[in-house]
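Undergrad: Sequence and predicted model, in that order:
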Amino acid sequence: MIGTMPLSEAKKNLEKKGYLAVDVDPTIDYVAEIERLKKEKNAIILAHYYQESEIQDVADYIGDSLGLAQTAAETDADIIVFAGVHFMAETAKMLNPQKKVLLPDLKAGCSLADSCPPALFRKFKEKYPDHVVVSYINCTAELKTLTDICCTSSNAEHVINSVPEDQGIIFAPDKNLGAYLKKKTGRDLVLWNGACMVHEIFSHEKITKLMMRHPDAKFIAHPECEAHILEKADFIGSTSQLLRYTHETDVQEFIVATESGIIHQMELKSPDKTFLPAPPNNTCACNDCPHMKRNTMEKLYLCMEYELPEIILEDWVIEKGVACIDRMLEISAKAGL
Ligand code: 13P
Ligand code: SF4
């Protein structure tokens, strides 16, 4: 039983909704319960910087996509609880096929991963039979089976530069990160036409006005943003690189063009500095990733208590798909990342 509901009924809900949708005692202390469950089950919580701040605060490790994959590859916990999105939890499962990997809400997807359906990509790839495929880690496990080397925004330049210069490269699925990498590496990448819904929403006009009102602020941006936004940036980097930059540079004010969850860590690391979310082109004026923000403390607690929902992948997907992640981890280790 979960509360007043039999577990079998809750499991039916789970299939429809993506999470255990049940009534929870409103007086429950989620932090205390989650800490108890971590110890009892030898579970580790890995959280991305875009998670809500309460989840970041209860996590054992908070990081960018590379740090999360590296930590997942090394953990000796029995259960990995992934406070992030589906492709991140899949990556952790591919690196740990024997372990239980939980995701609080299976519908926490990713518009970038969705923008590259494996069946269409397979046809696209056939047009370039001599090319190697480098895929941003923000793609499905099945897409990873069609990929030679994975990358994240922290190591993408190193990964591209690890490929011999005369070798053609397909880059999927993010056309914005791809265009940025073309510029940075001088390589002629064949790009898949995908994009992140959160990073494509920033308003050039509103950012320009905000910069005029805050002339001393540095404008920093994630490379998933469009080229016309990146052109304005004083610094471009992955979430961990943006975080490091704000902490280490001697500047007091920043306009931040990425998902707003990262601002929690920026404020914790540099409490005296000011962080302004870059304004998007939408009426609610928020830069939240609706997928990342599907996870809540309640769902996190329930998934740890009942060990559901769990990431399940077919054996062939794990066996074939993990090679491109291993290759990425090797290149990153060599580069000291
Ligand atoms: P990083 O944290 O690796 O920079 O990735 C950002 C992102 O969009 C994750 O979904
Ligand atoms: Fe995907 Fe963009 Fe959300 Fe990251 S921020 S999970 S890339 S939709």
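TA: Looks like it came in fine. Residues are numbered from 1 along each chain as shown. Ligands and ions are numbered 1, 2, ... in the order given.

Undergrad: need the contact list for K125.
TA: Residues near K125 by C-beta atoms under 8 Å, 6 or more residues apart in numbering: 131, 133, 146, 170. Quick note: C-beta positions are derived from backbone N, CA and C, even for glycine.

Undergrad: nearest to I318, of those?
TA: Closest approach between the contacts of K125 and I318, by C-beta to C-beta: L146, at 14.5 Å.

Undergrad: That closest one in helix, strand or coil?
TA: coil (DSSP: H, G, I helix; E, B strand; the rest coil).

Undergrad: what's the burial count for it?
TA: Using other C-beta atoms under 10 Å as the criterion, L146 is surrounded by 21 other residues.

Undergrad: which residues touch the residue nearest to E224 when sequence neighbours are not counted?
TA: Closest residue to E224 in three dimensions, ignoring its sequence neighbours and counting by C-beta to C-beta, 6 or more residues apart in numbering: H199, at 3.7 Å. Residues in contact with H199 (C-beta under 8 Å, 6+ apart) are 176, 222, 224-226, 257-259.

Undergrad: just checking, which of the contacts of K125 belong to helices?
TA: Residues of these located in helices (DSSP state H): none.

Undergrad: any idea which of those residues is closest to L106?
TA: Distances from L106 to these, taken by C-beta to C-beta, are shortest for L146, at 22.7 Å.

Undergrad: is any part of stretch 284-296 close to ligand 1?
TA: No. Residues of stretch 284-296 contacting ligand 1 under C-beta under 6 Å from any ligand atom: none, with a closest distance of 7.0 Å.

Undergrad: shouldn't M197 be in contact with S111?
TA: Yes. With contacts defined as C-beta atoms under 8 Å, M197 counts as touching S111 at a distance of 4.0 Å.

Undergrad: Which one's more surrounded, those two?
TA: The neighbour count for M197 versus S111, taken as other C-beta under 10 Å, is higher for S111 (19 against 15).

Undergrad: quick one: the more buried one and ligand 2, what's the gap?
TA: Taking C-beta to the nearest ligand atom, to the nearest Å as the criterion, S111 is separated from ligand 2 by 4 Å.

Undergrad: any chance of the contacts of K125 in TSV, plus distance to ligand 1?
TA: Written out in TSV, the entries for those read as follows (distance: C-beta to the nearest ligand atom, whole Å):
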residue	distance to ligand 1
H131	24
V133	19
L146	20
I170	20
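
Undergrad: hang on, the earlier thing: which of the contacts of H199 sit farthest apart?
TA: Taking C-beta to C-beta, the two most distant members of those are E226 and E259; they sit 15.2 Å apart.

Undergrad: the more surrounded of the two?
TA: Residue environment comparison for E226 versus E259 gives the larger neighbour count to E259, 24 against 19, counting by other C-beta under 10 Å.

Undergrad: Of all pairs in the contacts of K125, which one is the farthest apart?
TA: Spatially, the most separated pair among those is H131 and L146, at 11.7 Å (C-beta to C-beta).

Undergrad: quick one: is stretch 60-74 near ligand 1?
TA: Yes. Using C-beta under 6 Å from any ligand atom, stretch 60-74 reaches ligand 1 at 64-65.

Undergrad: what does that stretch rub up against?
TA: Looking at stretch 60-74 with C-beta under 8 Å, 6+ apart, the contacting residues turn out to be 38, 44-49, 51, 56, 80, 82, 84, 88, 91-92, 95-96, 137-138, 152-155, 238-241, 265, 325, 328-329, 332, 337.

Undergrad: Equivalent analysis for stretch 218-232, please.
TA: Looking at what lies outside stretch 218-232 - C-beta under 8 Å, 6+ apart - the contacts are 112, 153, 156, 174, 176-177, 179-181, 195-196, 198-200, 202, 204, 207-208, 211, 233-239, 242, 245-246, 249, 251, 253-259, 278.

Undergrad: closest to A119 among the contacts of K125?
TA: Taking C-beta to C-beta as the measure, A119 lies nearest L146 of the contacts of K125, at 10.1 Å.

Undergrad: Next, format the contacts of H199 as JSON lines and append pLDDT, secondary structure and distance to ligand 1.
TA: Shown next, in JSON lines, are the contacts of H199 (pLDDT from 0 to 100; DSSP: H, G, I helix; E, B strand; the rest coil; distance: C-beta to the nearest ligand atom, whole Å):
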{"residue": "N176", "pLDDT": "98", "secondary structure": "helix", "distance to ligand 1": "11"}
{"residue": "H222", "pLDDT": "98", "secondary structure": "coil", "distance to ligand 1": "6"}
{"residue": "E224", "pLDDT": "98", "secondary structure": "coil", "distance to ligand 1": "6"}
{"residue": "C225", "pLDDT": "98", "secondary structure": "coil", "distance to ligand 1": "11"}
{"residue": "E226", "pLDDT": "97", "secondary structure": "coil", "distance to ligand 1": "14"}
{"residue": "A257", "pLDDT": "98", "secondary structure": "strand", "distance to ligand 1": "12"}
{"residue": "T258", "pLDDT": "98", "secondary structure": "coil", "distance to ligand 1": "7"}
{"residue": "E259", "pLDDT": "97", "secondary structure": "coil", "distance to ligand 1": "7"}
